[in-house]
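> Sequence isn't available, so here's the structure alone:
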(Lines give C-alpha, C1' and ligand atoms only; values in the text may rest on other atoms or scores of the structure.)
Protein backbone atom coordinates (compact mmCIF):
# COMPACT_ATOMS: atom_id res chain seq x y z
CA UNK A 1 0.00 0.00 0.00
CA UNK A 2 2.71 2.49 0.99
CA UNK A 3 6.28 3.16 -0.09
CA UNK A 4 9.29 2.51 2.13
CA UNK A 5 9.03 6.00 3.66
CA UNK A 6 5.68 5.30 5.32
CA UNK A 7 6.93 6.13 8.85
CA UNK A 8 8.42 9.42 7.68
CA UNK A 9 5.22 10.24 5.83
CA UNK A 10 3.18 9.60 8.98
CA UNK A 11 5.48 11.94 10.91
CA UNK A 12 4.94 14.57 8.24
CA UNK A 13 1.17 14.09 8.42
CA UNK A 14 1.27 14.36 12.22
CA UNK A 15 3.18 17.64 11.87
CA UNK A 16 0.56 19.03 9.47
CA UNK A 17 -2.24 17.95 11.79
CA UNK A 18 -0.48 19.56 14.76
CA UNK A 19 -0.18 22.84 12.85
CA UNK A 20 -3.90 22.72 12.04
CA UNK A 21 -5.44 21.37 15.26
CA UNK A 22 -3.06 22.18 18.15
CA UNK A 23 -4.88 24.23 20.79
CA UNK A 24 -8.30 23.73 19.20
CA UNK A 25 -10.74 24.37 22.05
CA UNK A 26 -13.79 22.17 21.40
CA UNK A 27 -12.03 18.95 22.43
CA UNK A 28 -11.42 17.96 18.81
CA UNK A 29 -7.78 18.92 19.01
CA UNK A 30 -4.47 17.40 17.89
CA UNK A 31 -4.27 15.12 20.91
CA UNK A 32 -7.79 13.83 20.28
CA UNK A 33 -6.63 12.81 16.82
CA UNK A 34 -3.59 11.00 18.22
CA UNK A 35 -5.68 9.21 20.85
CA UNK A 36 -8.18 8.08 18.22
CA UNK A 37 -5.31 6.78 16.08
CA UNK A 38 -3.76 4.88 19.01
CA UNK A 39 -7.12 3.44 20.07
CA UNK A 40 -7.88 2.43 16.49
CA UNK A 41 -4.54 0.67 16.10
CA UNK A 42 -5.10 -1.14 19.40
CA UNK A 43 -8.54 -2.31 18.28
CA UNK A 44 -7.07 -3.22 14.88
CA UNK A 45 -4.49 -5.43 16.58
CA UNK A 46 -7.22 -7.28 18.48
CA UNK A 47 -9.60 -7.72 15.55
CA UNK A 48 -9.01 -10.01 12.57
CA UNK A 49 -8.83 -8.85 8.96
CA UNK A 50 -7.79 -5.28 9.71
CA UNK A 51 -5.82 -3.12 7.24
CA UNK A 52 -3.54 -1.41 9.76
CA UNK A 53 -2.14 1.28 7.48
CA UNK A 54 -5.53 2.29 6.14
CA UNK A 55 -6.95 2.40 9.67
CA UNK A 56 -4.08 4.67 10.72
CA UNK A 57 -4.67 7.09 7.85
CA UNK A 58 -8.43 7.11 8.29
CA UNK A 59 -8.15 7.75 12.02
CA UNK A 60 -5.60 10.55 11.60
CA UNK A 61 -7.76 12.26 8.96
CA UNK A 62 -11.19 11.60 10.46
CA UNK A 63 -11.75 15.19 11.67
CA UNK A 64 -10.17 17.19 8.84
CA UNK A 65 -13.51 18.61 7.68
CA UNK A 66 -15.55 18.39 10.88
CA UNK A 67 -18.43 20.88 10.79
CA UNK A 68 -17.84 21.95 14.41
CA UNK A 69 -14.75 23.95 13.55
CA UNK A 70 -13.93 23.62 9.85
CA UNK A 71 -15.29 26.96 8.73
CA UNK A 72 -12.35 28.85 7.29
CA UNK A 73 -12.09 27.03 3.95
CA UNK A 74 -14.38 26.18 1.11
CA UNK A 75 -12.07 23.43 -0.13
CA UNK A 76 -13.66 20.08 -0.91
CA UNK A 77 -12.84 17.10 1.28
CA UNK A 78 -10.92 15.62 -1.65
CA UNK A 79 -8.73 18.74 -1.82
CA UNK A 80 -8.19 18.81 1.95
CA UNK A 81 -7.17 15.14 2.05
CA UNK A 82 -4.83 15.59 -0.92
CA UNK A 83 -3.06 18.47 0.88
CA UNK A 84 -2.56 16.46 4.05
CA UNK A 85 -1.32 13.43 2.11
CA UNK A 86 1.05 15.31 -0.18
CA UNK A 87 4.21 13.22 -0.52
CA UNK A 88 2.56 9.91 0.33
CA UNK A 89 2.29 8.86 -3.33
CA UNK A 90 -0.89 6.95 -2.62
CA UNK A 91 -2.64 5.37 -5.53
CA UNK A 92 -5.86 7.17 -6.40
CA UNK A 93 -8.07 4.28 -5.23
CA UNK A 94 -6.75 4.53 -1.64
CA UNK A 95 -7.22 8.30 -1.57
CA UNK A 96 -10.75 7.94 -2.95
CA UNK A 97 -11.57 5.43 -0.20
CA UNK A 98 -10.39 7.87 2.45
CA UNK A 99 -12.53 10.65 0.97
CA UNK A 100 -15.52 8.29 0.85
CA UNK A 101 -15.14 6.96 4.40
CA UNK A 102 -14.12 10.06 6.40
CA UNK A 103 -17.76 11.30 6.41
CA UNK A 104 -18.85 7.86 7.68
CA UNK A 105 -17.01 8.24 11.01
CA UNK A 106 -19.10 10.97 12.66
CA UNK A 107 -21.70 9.64 15.09
CA UNK A 108 -24.13 12.50 14.53
CA UNK A 109 -24.08 12.01 10.74
CA UNK A 110 -24.34 8.21 10.85
CA UNK A 111 -26.40 7.49 13.96
CA UNK A 112 -28.83 5.10 12.28
CA UNK A 113 -25.89 3.14 10.78
CA UNK A 114 -28.09 1.30 8.31
CA UNK A 115 -25.36 1.36 5.69
CA UNK A 116 -22.85 -1.50 5.80
CA UNK A 117 -19.27 -0.23 6.07
CA UNK A 118 -15.84 -1.91 6.03
CA UNK A 119 -14.12 -3.08 9.21
CA UNK A 120 -11.68 -0.14 9.06
CA UNK A 121 -14.58 2.33 9.33
CA UNK A 122 -16.09 0.39 12.22
CA UNK A 123 -12.77 0.39 14.07
CA UNK A 124 -12.23 4.14 13.66
CA UNK A 125 -15.84 4.80 14.67
CA UNK A 126 -15.27 2.81 17.86
CA UNK A 127 -12.01 4.64 18.59
CA UNK A 128 -13.62 8.05 18.05
CA UNK A 129 -16.55 7.12 20.30
CA UNK A 130 -14.25 5.77 23.00
CA UNK A 131 -12.51 9.13 23.17
CA UNK A 132 -15.91 10.77 23.77
CA UNK A 133 -16.53 8.78 26.97
CA UNK A 134 -14.70 8.09 30.22
CA UNK A 135 -12.55 10.69 31.97
CA UNK A 136 -11.34 12.18 28.70
CA UNK A 137 -14.90 12.25 27.43
CA UNK A 138 -16.07 14.14 30.51
CA UNK A 139 -13.32 16.73 30.05
CA UNK A 140 -14.06 17.08 26.35
CA UNK A 141 -17.79 17.47 26.97
CA UNK A 142 -17.26 20.45 29.25
CA UNK A 143 -14.63 21.95 26.93
CA UNK A 144 -17.10 21.77 24.04
CA UNK A 145 -19.95 23.10 26.16
CA UNK A 146 -17.85 26.04 27.30
CA UNK A 147 -16.74 26.82 23.78
CA UNK A 148 -20.42 26.87 22.72
CA UNK A 149 -21.46 28.98 25.74
CA UNK A 150 -23.63 26.18 27.13
CA UNK A 151 -24.47 26.18 30.83
CA UNK A 152 -23.15 23.26 32.85
CA UNK A 153 -26.60 22.40 34.22
CA UNK A 154 -29.83 24.25 34.93
CA UNK A 155 -31.62 21.84 37.24
CA UNK A 156 -35.21 21.31 36.14
CA UNK A 157 -34.98 24.07 33.54
CA UNK A 158 -34.78 22.40 30.12
CA UNK A 159 -35.21 25.52 28.00
CA UNK A 160 -31.50 25.59 27.10
CA UNK A 161 -29.11 22.77 26.16
CA UNK A 162 -26.63 21.96 28.92
CA UNK A 163 -23.49 19.88 29.08
CA UNK A 164 -25.01 17.53 31.65
CA UNK A 165 -27.96 16.88 29.35
CA UNK A 166 -25.48 16.00 26.60
CA UNK A 167 -24.44 12.97 28.66
CA UNK A 168 -27.99 11.63 28.45
CA UNK A 169 -28.61 12.69 24.86
CA UNK A 170 -25.43 11.11 23.50
CA UNK A 171 -22.48 10.08 25.64
CA UNK A 172 -24.16 7.42 27.78
CA UNK A 173 -25.59 5.87 24.61
CA UNK A 174 -22.28 5.46 22.82
CA UNK A 175 -21.25 2.10 24.35
CA UNK A 176 -24.32 0.49 22.80
CA UNK A 177 -23.17 1.71 19.36
CA UNK A 178 -19.76 0.00 19.44
CA UNK A 179 -19.08 -2.26 16.47
CA UNK A 180 -16.21 -4.42 17.71
CA UNK A 181 -15.83 -6.71 20.70
CA UNK A 182 -12.69 -4.83 21.70
CA UNK A 183 -14.55 -1.53 21.52
CA UNK A 184 -17.34 -2.87 23.71
CA UNK A 185 -14.87 -4.07 26.34
CA UNK A 186 -13.07 -0.74 26.45
CA UNK A 187 -16.35 1.19 26.54
CA UNK A 188 -17.65 -0.62 29.61
CA UNK A 189 -15.05 0.81 31.99
CA UNK A 190 -15.46 4.30 30.56
CA UNK A 191 -19.24 4.08 30.83
CA UNK A 192 -18.92 3.12 34.50
CA UNK A 193 -16.70 6.13 35.12
CA UNK A 194 -19.24 8.49 33.58
CA UNK A 195 -22.05 7.03 35.70
CA UNK A 196 -19.91 7.50 38.82
CA UNK A 197 -19.10 11.07 37.78
CA UNK A 198 -22.76 11.94 37.27
CA UNK A 199 -23.71 10.41 40.61
CA UNK A 200 -21.08 12.53 42.35
CA UNK A 201 -22.12 15.62 40.35
CA UNK A 202 -25.74 15.35 41.45
CA UNK A 203 -24.72 14.63 45.05
CA UNK A 204 -22.76 17.87 45.09
CA UNK A 205 -25.46 19.78 43.18
CA UNK A 206 -28.04 18.99 45.83
CA UNK A 207 -25.97 20.19 48.80
CA UNK A 208 -27.86 22.83 50.80
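Now that the structure is in, tell me what you want to look at. No experiment lies behind these values; they were computed from the predicted model shown. Numbering: from 1, shown residues only.
> now the residue nearest the centre of the chain, nearest residue through space, not along the chain?
Relative to the mean C-alpha position of the chain, the nearest C-alpha, by CA atoms, centre = their mean, is the one of residue 128, at 3.0 Å. What sits nearest to residue 128 in space, not counting adjacent residues and going by CB to CB, 6 or more residues apart in numbering, is residue 36, at 5.2 Å. (Glycine included, C-beta is placed from N, CA and C.)
> Same check on residue 145?
residue 163 (3.5 Å).
> I'd like to know how many residues surround that neighbour.
Neighbour count for residue 163, taken as other CB atoms under 10 Å: 19.
> just checking, it touches residue 141?
Yes - under the criterion of CB atoms under 8 Å, residue 163 makes contact with residue 141 at 5.5 Å.
> which helix of this protein spans the most residues?
If you go by DSSP state H, the chain has its longest helix at helix 181-205.
> list the contacts for the nearest residue to residue 126 once chain neighbours are set aside?
Leaving aside its chain neighbours, residue 126 sits nearest to residue 183 (3.3 Å; criterion: CB to CB, 6+ apart). Neighbouring residues of residue 183 by CB atoms under 8 Å, 6 or more residues apart in numbering: 43, 123, 126, 127, 129, 130.
> Out of those, flag the one nearest to residue 151.
residue 129 (24.9 Å; CB to CB).
> Can you get me a residue count around the closest one?
26.
> Equivalent analysis for residue 150, please.
19.
> Tell me how far it lies from residue 32.
Distance of residue 150 to residue 32, given as CB to CB, to the nearest Å: 19 Å.
> Just the endpoints, please. Distance across stretch 165-174?
14 Å (CA to CA, to the nearest Å).
> one step back: read off the pLDDT value for the residue nearest to residue 126.
Residue 183 is assigned a predicted lDDT (pLDDT) of 98.
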